[in-house]
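Asker: just coords:
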């Protein structure tokens, strides 16, 4: 009886009525629009295009929806009606990420010559200190719905920690794959949660290819790869960054956003989230510009953007911004579309500029960012200097990770002086 | 005119009407009760006892006060009416710490044999990932009120980072003092915010003595040492842990709390916070027990507790729990009083047990704790095994810091296997 009721409800397009992912009604090909049932698939059988979650989003009074969201928990589950998760998701074991600080960065604004408002969306405040906790939390719900018992991923480090931690809390086994030469902080963190951590001799793109092979092999049976076979769900987690930024701005769109690009998924999903808020009437429609940020040593998207290409040519990464070191970014073409459609830009900075930007952010706002945060702040600085980003408008810059995980980048930082415990020694150091 | 109004108001006992620290009316000696004006003093001139902030706390309807708090910001400033800070504190540049997660730790409960409710108050979610952001945020307001322009401290690492970050954001110069041999993560983090970082050849107690000397010397003029001459204000920040725990439990006292002991200040202030909530009618009065946790290699308080002594005999620290390595804890005797008064206990665990507990917490709840968190979880485990802590009641265990800052403790953690990117190599590793 109950199953029949579900099958004739608004969710009828999800033919497998036993899969309850809330407002998600199916998957839809981003290229050709073909629809699929909710399931652990990630590429269109017709055209090999990537699949996206399709929704029956809540209709009705935006005021009531805003109020319901504001009355929700201080984490991403406040947006459950807009995500592919069951309605009772907040009661399940999760790291409950999100609702991180939107920092009013007046000191940084002054330093960069911004005369409008400048905000840093600081995702280092998430449970494992990167934005990856958001996407993993959504993938965990999909893994539950599809009956997986092992969580896996290919990772440049942050995701490995996020999957390990989320799996431990949610009761999954985990086995994650990383390039063998990552920063020590990321390796130890990924390993401490008790899952298996496998180093692959190669770069991230090698790891990714290996995981795709594993999914097609009996060895990988019963495994939910959060960023491969669960990717359509996983990606939706990044929409919560858009929701939070707008809610924290008093339900308003910012004028400009600066977003890092690794695979490009995050940037495209933030745009998707902004569009949903407009469609739902939760924010007033107005133009906004999206700027993408890459490291020069792995800049396939900014290179294509500047050359006016529609195709992104793969690169072999060589940068300290390892969490962005994806040489063959799956969502690169979509990023180009969005940057062009919104009147934004895609820019890159070199490793010295990344380190300089990490220091600027720390010294102005007390935020110690990962190298990826150095990339976004560095690109913001460059875009202002080049007259591309308007310093008189409201701008939001993303910091997606934590400096404690990429200590190597600022390893020259240390004690100003080392002295005996005496006033004479301190006087001699000349610091008073 | 305005000044006269203030001088004849309820705050008249603060003779210096230009110092606005909200409900704080003066300082009071914990030993002899002598009252002092609000100012940068920390020891009683009559008896050398420590000074505490005295308040004119809000009178009236507890329901209204609860509602006002719940409508406040998602950080410690929601409790501004109970803290020595001006009423408009939330509008000043601050890292805005607090309102961290109270994690319902059902997996850990099962692991430790807890049949009641077990919660982890996870302060690794603070801006610099330790509880020190709370105490520093309050000290910054005192430093502003007293006209200081340099912020300083003696630190075992976490405080150094918290002071550096808070100073950067709030517009102070900083110069902080640490033992020269701290964990690398703490050193780099403390240095990245651009202030001066001075390594002292000695342990924390040597650093502390040096800072006391510096305050008495012209070299230290104009310097606010958050944990020395601003200590009475600084310490009050720990009360917010008590407020948050009770609010997050639905305005109820827990039955048992397990709190780490370094100087002992945090434990005494949490007790003070709980007592204030009872006095204000914000929670129903009932018995609670406070348990103190130390590392065996620095256990002056647990040693005194078990021996039935009222005096704490200093020790020379030798433990991996460096953030708790204070051999001569200033508030040790008060901790003994509180543990005995509430029917609690003070226990210690050795370094192996600390590491084991870090792993247990990570593998059950996905929380990667600093060594200090390993101490509290390890002590909780031991107290349950010894029948001292009642596993059928509601217990809150504090995690006060982040595992990324003490990677050395779990440095054996790493890759389960390192393989070539091939299915054969993965099959051979035996992890599928």
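Answerer: Yep, that arrived. Please read these numbers as outputs of a predicted model, since none were measured by experiment. Numbering: from 1, shown residues only, chains lettered A, B, ... in the order given.

Asker: from now on I want contacts and neighbour counts done on CA atoms only, so please keep to that.
Answerer: Fine.

Asker: the closest residue to chain B within the stretch 51-200 of chain A: neighbouring residues, count only.
Answerer: When you check the stretch 51-200 of chain A against chain B by Cα to the nearest Cα, the closest residue turns out to be residue A:165, at 3.9 Å. For residue A:165, the neighbour count with other Cα atoms under 10 Å in any protein chain shown is 33.

Asker: please apply the same query to the one 5 residues further on.
Answerer: Neighbouring residues of residue A:170 were enumerated by other Cα under 10 Å; the total is 20.

Asker: helix, strand or coil: sort out the nearest residue to it once chain neighbours are set aside for me.
Answerer: Using Cα to Cα, 6 or more residues apart in numbering or on different chains and skipping the chain neighbours, the partner closest in space to residue A:170 is residue A:93 (5.1 Å). At residue A:93 the chain is in coil, as set by DSSP: H, G, I helix; E, B strand; the rest coil.

Asker: for the helix or strand where residue A:428 lies, the averaged confidence score.
Answerer: Using DSSP states H and E, residue A:428 sits in helix A:423-429. Mean per-residue pLDDT for helix A:423-429: 92.

Asker: now stretch A:355-365
Answerer: Mean predicted confidence for stretch A:355-365 is 98.

Asker: also stretch A:335-344?
Answerer: Stretch A:335-344 comes out at a mean pLDDT of 98.

Asker: any chance you could list what contacts it?
Answerer: The contact list for stretch A:335-344 (Cα atoms under 8 Å, 6 or more residues apart in numbering or on different chains) reads A:264, A:267-268, A:271, A:287-292, A:301, A:304-305, A:310, A:345-346.

Asker: still on that earlier bit, which helices and strands does the helix or strand hosting the residue of the stretch 51-200 of chain A closest to chain B pack with?
Answerer: Per DSSP H and E, residue A:165 falls inside helix A:158-170. Judged by 3 or more Cα pairs under 8 Å, 6 or more residues apart in numbering or on different chains; DSSP states H and E, helix A:158-170 is in contact with helix A:132-145, strand A:150-154, strand A:173-179, helix A:184-192, helix B:351-365.

Asker: distance from the chain centre to the third one, please.
Answerer: In other words, strand A:173-179. 19 Å (Cα atoms, centre = their mean, to the nearest Å).

Asker: repeat for the shortest one
Answerer: Mean-position distance between strand A:150-154 and its chain equals 17 Å (Cα atoms, centre = their mean).

Asker: sheet partners, orientation included, of it?
Answerer: Strand pairing for strand A:150-154, determined by DSSP bridges: strand A:173-179 (parallel), strand A:223-225 (parallel).

Asker: TSV please, covering these and showing distance to residue B:244, mean neighbour count and mean pLDDT.
Answerer: Compiled in TSV, the strands paired with strand A:150-154 are given as follows (distance: least, Cα to Cα, whole Å; neighbours: other Cα atoms under 10 Å in any protein chain shown; pLDDT from 0 to 100):
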stretch	distance to residue B:244	mean neighbour count	mean pLDDT
strand A:173-179	33	25	95
strand A:223-225	37	26	96
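
Asker: how near is residue A:246 to residue A:253?
Answerer: 5 Å (Cα to Cα, to the nearest Å).

Asker: check residue A:34 too.
Answerer: Relative to residue A:253, residue A:34 is positioned 31 Å away (Cα to Cα).

Asker: who has more neighbours out of those two?
Answerer: residue A:253 (26 against 15).

Asker: surely the more buried one and residue A:289 touch.
Answerer: No. Taking Cα atoms under 8 Å as the definition, residue A:253 is not a contact partner of residue A:289, at 10.3 Å.

Asker: could you give the mean pLDDT of the helix holding residue A:165?
Answerer: Across helix A:158-170, pLDDT averages out at 97.

Asker: determine the angle, from 0 to 180 degrees, between it and strand A:150-154.
Answerer: 170 degrees (axes from the mean of the first three to the mean of the last three Cα atoms, to 10 degrees).

Asker: could you list the residues in contact with helix A:158-170?
Answerer: Against helix A:158-170 from outside (Cα under 8 Å, 6+ apart): A:92-95, A:128, A:130, A:132-133, A:136-137, A:140, A:151-154, A:173-178, A:186, A:189-191, A:193-195, A:323, A:401, B:107, B:362-367.

Asker: which residues of the stretch 51-200 of chain A lie near chain B?
Answerer: By Cα under 8 Å from any Cα of the partner chain, the residues of the stretch 51-200 of chain A that approach chain B are A:95, A:107, A:125-128, A:164-169, A:180, A:185, A:187-194, A:196-200.
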